[in-house]
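# Provide a 3D model corresponding to the input given below.
(chains A, B, C and D, ligands or ions: 4)
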Amino acid sequence: MTASVTDEKRRARRAGVGALLRGQMRNIAPFLTLICLIAFFSFASPSFPTLDNVGNILTQVSVTGIIAVGLTFVILCAEIDLSIASVANATGIVVAYFTAQESYVNIANLPLPGAAAIALAFLACTLLGLLNAFGITFIGIPSFIMTLAMMQIAAGISALLVRGQIAYKVPDLVATLGAGSIGGIPWIVIVAAVLLLAGHLVLTYTRFGRYVYIVGGNREAAEYSGLNVKLIIGTVMVISAVSSGIAGMLGVAHFGSAQQNEFDTYLLDAIAAVVVGGTSLFGGRGGIGNTIVGLFVLGVLNNGLDHVKIDSFLKILIRGLILLAALVINVYAQRLRETAEE
Amino acid sequence: MTASVTDEKRRARRAGVGALLRGQMRNIAPFLTLICLIAFFSFASPSFPTLDNVGNILTQVSVTGIIAVGLTFVILCAEIDLSIASVANATGIVVAYFTAQESYVNIANLPLPGAAAIALAFLACTLLGLLNAFGITFIGIPSFIMTLAMMQIAAGISALLVRGQIAYKVPDLVATLGAGSIGGIPWIVIVAAVLLLAGHLVLTYTRFGRYVYIVGGNREAAEYSGLNVKLIIGTVMVISAVSSGIAGMLGVAHFGSAQQNEFDTYLLDAIAAVVVGGTSLFGGRGGIGNTIVGLFVLGVLNNGLDHVKIDSFLKILIRGLILLAALVINVYAQRLRETAEE
Amino acid sequence: METGAPVIELVGVSKSFGGVAALRDIDFVLQAGEIHGLVGENGAGKSTLMKIIAGVHGDYVGELRLDGRETRFRSAGDALAAGVGMVHQELSIAPDLSVGENVFLGTQPVNKAGIVQWRRMVEDARRLLAGLGLEIDPRARIGDLPIGLQQMVEIARVLFSGARIIILDEPTSALSPPEVERLFSLLRRLREDGRSIVFISHFLDDILRVADTVTVFRNGRRIATTPASETRKAALIERMIGAGHEELGESYRADIRLASASAAPVVLQASNLSLGRAYRDVSLELREGEVLGLYGFMGCGQIELVRTLFGKLKPDGGVLRIAGTEVRLASTSAARRAGIAFVPESRRSMLFHAEPLYKNTSVSALERISRLFLKPAREREMAHAQIDKLQIRPPRAEALVGSLSGGNQQKVGLAKWLSFPPKVLILSEPTRGMDVGAKEDVVRIVRGLRAEGLAILVASTEPETVLSLADRIMVMKKGAVVREFENEVISKDRLLEAA
Amino acid sequence: GRSDKPLKAAFSNAGLQATWCAQGKQAAEYWGKLFNVDVTWFDGELDAVKQRAAIDNMASQKWDFVAIQAFGIGTLTAPVQKMIDAGIPVIDMDTLIAPLDQIKVHSFLAPDNEFMGASVTQALVGAIGGKGKMIMTQGALGHTGAQGRAKGFEAVVKQYPNIEVLDTQPADWSVSKTAQLWETYLTKYPQIDAAFFHNDDMALAAYNVMKAHNRTSILIGGVDAMPPAIQAVAEGRMYATVRNPSCRIHGGAIVAGVAAVNGEKTDQGIPKNIVTDGPVVTKANAAGMQWMEDHFLI
Ligand SMILES: Nc1ncnc2c1ncn2[C@@H]1O[C@H](COP(=O)(O)OP(=O)(O)OP(=O)(O)O)[C@@H](O)[C@H]1O
Ligand SMILES: Nc1ncnc2c1ncn2[C@@H]1O[C@H](COP(=O)(O)OP(=O)(O)OP(=O)(O)O)[C@@H](O)[C@H]1O
Ligand SMILES: [Mg+2]
Ligand SMILES: [Mg+2]
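Ligands and ions are numbered 1, 2, ... in the order given. Below you'll find the predicted structure:
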């Protein structure tokens, strides 16, 4: 009885728009940050709010976005993957390694038909993901440190394949998806959008997606509910590696070359996008929607700073400070939400 | 009654050497890894097991070692600090910024007396540490992401101060400690040894040190025992920043120049040293002893690979694989120990 | 019983967590030299009130007087400095540190220079623990000790912290009866010294035996405070949860007749299971439509045994058969697919607090209703079926489980298995920390499931739970099965004797 | 000559963290002022992805001309092509944006890395009398400049059978890696006569290690001839370095850009490929080199 009375009161309180807003703060705060950034840059530079530049931003966040799809799964499970950038790099290099290069490229590579090269690249990133999965679930190495080792291993594979050289050619399909466009829209933007949508659908509407949230919400309870937690975490690590692999292949095509350390910045960019978007590092909360907002917060920030006249050396500091501000907002929003819930 | 009987049995069981060894596996395993590496490299290269090279290894692990002192505190508290390398870099640059440079150095800097420059450098790293502490304890940002933002902020400060230039001069005291030697022993090795020893003594013989273990072992228990958990975590973050700062100052003197991104490799090196040494990422277990073993595992590995003739491109992969192997050994040792306990 | 002046006095204390009132307008008096028993349902606010006195909750409405002077503790450190120590409901030790350090957690002896004196610490700890009748090597890692001893060390820490006001929040739930006896005699000794003790427990017999004064809480309010000598168990229960629950007063001193072996088919059979030092050579049979009770003190191996039956731990030896076929349970999901359901001891490890009720009740049965895509409508149907069956309140499938009351959360923990549906249901400590009313619900539900033909294993360290539920009882001691009772008359005393 | 109307130019370089690039920025701004050009800077931050994003953004704005030093070959092709298609003259500095036949840049101003490597090596070999033991410490193996310098080094030492090359491991332009490598070398090799470093920063870091080990008799050669290295040459800490003329390249880009706006066409007036080589710097010409750099002449 007490229960239902309290409950009715609760519902009444919830009905208030204010409370509703507060409950949604985790999602609203990053969005507000985004609006502020857009408003600021539009005001500060006439070249920022142009259609052309919107296209730039979309293209610039595409590679990060593809990586972030898999990383969102990983972080929702309360794990982390530090090998994303390095696996992306290795996969991009593998696909180029198995493609015939121009004569002036000095790599002892193995040209194969495009389909075979793509298949081998998928195989490579899947294997790296499986190795991560194996280390984390079977051996029991914390993901932070397992993927740190993987970061080095994948970098080693990249180095070994290109040996300091640069490869330019990738299979036609990859080249089209990475650098081509259709009706003025770059294919890479379309691919990123499709993968983000697919990630969202999997997380929201499939049994596996539910398990990801459940495992992230309370791992112990998931295990005592008879879920195969190891399988789920393992799968998530493989999804992350394959997402990174796709990003690596398209990225190589997009940038027009495959070389060592090409993707290094994507590690922090992708993690920051997921976290700034409001997905909790402790798992169980957030999703692709949040990741998309996070992607645009960072994308707009990076792009906008190029449009305003600003001391080049100051830029790095400003980027750091805005990132910190976004995090602070995020945490406070989270706190407000929790107060609203209780 | 039950108590004492179980206890006696336990002691009897423990007396077995086998069981004792298994119980100590967490500490023994990294040590075995170290022995194996040393044996391998001594066999593979005649120039490796020389007194001169022992000196090299000692010098090479010194900067990492100084950073690792503070990081050990942080990891024992079950937190992480990703800003170590970048704080080291910023501090090294600050100390050079306030020192008179040669005329050919093109930095608009502010020459001050050596003592003042050193004081300002200490102030700088302390402030950065305090900012980390504030974000983690008061605002409640997870340390992983707070120190990620700090990594960018400190990099921004470095960029702003040197503006792409290189500074060479540091105060005499710093220059002596970083690059000088006494009786054939480099001062930087002595400083690292003293700081590691001090860290060990603080962790083992002071209440604060024990607090660190308690907070890392069970944060709630620490709170209920009346410990000021926030203060302890905050202090630990400041210790980490100051350790990094010292490493940065001496490192700049040791390498003979202060420039951006000079310390980047130290982030992974220091984390790997602490973790490979056997300190648990989940807090409460390990210590400076473990860190020292970890430092030498990595130091010997890095140094040894320079002594054997090996394909430069293969080196990265080999280093990654050996790191992974060390982790696997570590986890299995841990598991053996836990079985021994039951 | 003569008592002194009030050492602690609370006047009009209220406390709410984000709008939900946990305590409403509490007046509470603790005298010098008394043992004050505190009883009440789960969630009645007992722990919350004590945490206010111990400085854990600093923001509350009302007034706290220490020795007649108004104070407000901002942290546990404040309270400790003022002589208030508390043993919390959840075990709070640092598992990787030594026993000695845990005895002094945070107050390790130091010399003038601030250097921790390890040798003195070990000696002091040894002496203090010996005073409690515990011969433990203070240098041993505490995480290696059985839970009961860990709990005793934690109690020792508070008792020897020099606190004049000692709060014990359900300290006996992890202790064996002899350990409880030792604790009680120590509490009486401390009372002679003039210290004040608050003792919270759901074991009303214990409270009546050791306390001088008993206070009853209900729904965040103090209902009554009476001298222990002037009240009875039935009266306490009535104050706690209302009239009409007289049968709960039963203390199982009387004899209980166990059923004779049933002829129903065997569902689960274990032969000679062993696991390291946890348990060895355990054999058992579980038949359709019966409840097998597994009794033993904390640390006797039953926790590990039931986890093995659910695939969480892997046995070193022995054979497990389900419906006659040998199985190897590689994981909990293998166990679930084999038809085994398991409800662990703590709510924290069975529920997803941030998720709505229907997602909690469907989690183990999802693959039965959906291959690839979720079917939320079916999930809600399933939830409503369980809500009706177990009378979960509020009856809303969308309610966040974290916002349910303790008793209802416990029901959700059971409900999530019933849609599966399992062949074998294993309950580990189904009544740990539960108030008498909630215990009654559990008994009712388990009996209902037995009637439906489920094979049920109940493992518990509480004799009442086993006695009230089981058709047959197995007793474990130090990892071995030492007695089996079936088809005979048994009482609580005989059960305790066997353990 | 100087432009009558004010021009807007965009410059991008590999990363301002590098002193060579930072000097180039100053030179471009200095020459820009002289030629009435307002220079906007897009920093590549020594990162292919960041530079690509920066050039994408550059390409969506209007410029009279642009000048780019690529961090990684081939990573900027698409946006650069977009600017060329829009009729903006693109001047390629120091590193190829893409193989020259693939992209119609207005002109390519770069030093010959092979020549730089060879000429310093030649100076070192000469100084040790054509025989002895040498070490080359490379930059990042993936860097085209490093590859050219390595080629130049090898071409010279090949001609001297009495020169033994002890080691050629890369230090990735990093002073800490250089220090670590050289600590090992000094232990491993009792005799080292000369050492060639792919840039001056690494050379100076190694000198520091040599000093600590009392092995300063090793002759050191570097590349870039930035002021600290000129000083080191003047003081005898380094034997020689070769000027990689940052000011000439960046100032030249301004001049070429202004001329392009005024109608100068590729291969009709300005050649497609301009080699900007600088001289070897030894004690003899160090002071003059410093003066020219102070005035952004070389
Ligand atoms: N942590 C919490 N967050 C939000 N609401 C809560 C929380 N804990 C309890 N409540 C609400 O407070 C009310 C009272 O809870 P309480 O645990 O006292 O119930 P109860 O009457 O003791 O029921 P039961 O006998 O089932 O335990 C419940 O309706 C519940 O919804
Ligand atoms: N930290 C907290 N945040 C939110 N709600 C809380 C918190 N602590 C307690 N509550 C709520 O306050 C109420 C009283 O809880 P309390 O723990 O004091 O009960 P209790 O009487 O000790 O119960 P039990 O017998 O189960 O230990 C419950 O509804 C509980 O959910
Ligand atoms: Mg209740
Ligand atoms: Mg309680």
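# sec struct for residue 62, please.
All of this is about chain A. Here A:S62 is recorded as helix under DSSP: H, G, I helix; E, B strand; the rest coil.
# my question was about chain C
strand.
# residue contacts, it?
C:L10, C:V11, C:G12, C:V13, C:S14, C:D25, C:I26 (C-beta atoms under 8 Å, 6 or more residues apart in numbering or on different chains). For every residue, glycine as well, the C-beta is placed using N, CA and C.
# next, give phi and psi for the spatially closest residue to it that is not a sequence neighbour.
Nearest residue to C:G62, sequence neighbours excluded (C-beta to C-beta, 6 or more residues apart in numbering or on different chains): C:V13, at 3.4 Å. Phi and psi for C:V13, reported as degrees, to the nearest 10, are phi -90, psi 130.
# ok, C:V13 - how many residues close by?
22 (other C-beta atoms under 10 Å in any protein chain shown).
# how close does it sit to ligand 1?
17 Å (C-beta to the nearest ligand atom, to the nearest Å).
# how about the strands in the stretch 1-150 of chain C?
C:6-17, C:20-31, C:35-40, C:61-66, C:69-71, C:84-87 (DSSP state E, counting those that start in this stretch).
# do the third one and ligand 2 meet?
I take that to be strand C:35-40. Yes: on the criterion C-beta under 6 Å from any ligand atom, strand C:35-40 is in touch with ligand 2 at C:G40.
# who touches that strand?
Contacts for strand C:35-40 (C-beta under 8 Å, 6+ apart): C:30, C:46, C:49-50, C:187-188, C:191, C:196-202, C:204, C:207-208, C:210-218, C:223, C:228, C:236, C:240, C:435.
# turn the buried ones among these into a named PyMOL selection, would you?
What follows is the PyMOL syntax selecting those of the contacts of strand C:35-40 that are buried according to 16 or more other C-beta atoms under 10 Å in any protein chain shown:
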select buried, chain C and resi 30+46+49+50+187+191+196+197+198+199+200+201+202+204+207+208+210+211+212+213+214+215+216+217+218+223+228+236+240+435
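# residue 194: helix or strand, and which one exactly?
With no chain named, the answer covers chain A. Element membership for A:V194 (DSSP states H and E) is helix A:187-205.
# same check, this time on A:L160
helix A:143-162.
# that older thread, in JSON lines: the strands of the stretch 1-150 of chain C, plus distance to A:N303.
Listed next are those as JSON lines, based on distance: least, C-beta to C-beta, whole Å:
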{"stretch": "strand C:6-17", "distance to A:N303": "44"}
{"stretch": "strand C:20-31", "distance to A:N303": "46"}
{"stretch": "strand C:35-40", "distance to A:N303": "60"}
{"stretch": "strand C:61-66", "distance to A:N303": "51"}
{"stretch": "strand C:69-71", "distance to A:N303": "57"}
{"stretch": "strand C:84-87", "distance to A:N303": "55"}
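# in JSON lines: those strands, plus mean pLDDT.
Shown next, in JSON lines, are these (pLDDT from 0 to 100):
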{"stretch": "strand C:6-17", "mean pLDDT": "91"}
{"stretch": "strand C:20-31", "mean pLDDT": "90"}
{"stretch": "strand C:35-40", "mean pLDDT": "92"}
{"stretch": "strand C:61-66", "mean pLDDT": "93"}
{"stretch": "strand C:69-71", "mean pLDDT": "92"}
{"stretch": "strand C:84-87", "mean pLDDT": "93"}
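# retrieve the pLDDT associated with C:G249.
pLDDT recorded at C:G249 is 50.
# re the thing from before, next one: the helix or strand that comes right after the helix holding A:L160 to chain centre, how far?
Per DSSP H and E, the first helix or strand lying C-terminal to helix A:143-162 is helix A:172-179. Here helix A:172-179 is found 21 Å from its chain centre; the criterion is C-alpha atoms, centre = their mean, to the nearest Å.
# now do stretch A:300-307
On C-alpha atoms, centre = their mean, the centre of stretch A:300-307 falls 19 Å from that of its chain.
# just confirm yes or no for it near chain D.
Yes: applying C-beta under 8 Å from any C-beta of the partner chain, one finds stretch A:300-307 touching chain D at A:N302, A:N303, A:D306, A:H307.
# any bit of that stretch sitting next to chain B?
No: judged by C-beta under 8 Å from any C-beta, stretch A:300-307 makes no contact with chain B; its nearest approach is 11.5 Å.
# which residues touch that stretch?
A:34, A:37-38, A:40-41, A:44-45, A:47-48, A:53, A:56-57, A:60, A:315, A:318-319, A:322, D:42, D:50, D:53-54, D:57-58, D:61.
# which of the residues you listed are buried? Put it as a PyMOL command.
Listed next is the PyMOL selection for buried residues among those, using 16+ other C-beta under 10 Å:
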select buried, (chain A and resi 34+37+38+41+45+48+53+56+57+60+315+318+319+322) or (chain D and resi 42+50+53+54+57+58+61)
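# restricted to strands, list the contacts of stretch A:300-307.
Among these, DSSP state E puts D:F42 in strands.
# filter the contacts of stretch A:300-307 down to the ones close to chain B.
Answer for these near chain B (C-beta under 8 Å from any C-beta): A:K315, A:I318, A:R319.
# for the residues you listed, give me CSV that also has pLDDT.
Formatted as CSV, these follow (pLDDT from 0 to 100):
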residue, pLDDT
A:K315, 85
A:I318, 90
A:R319, 86
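# between those, which is nearest D:L297?
Set against D:L297, the nearest of those by C-beta to C-beta is A:K315 (29.8 Å).
# tell me how many other residues crowd C:F373.
12.
# try the one 5 residues further on
Residues contacting C:R378 under the criterion other C-beta under 10 Å number 17.
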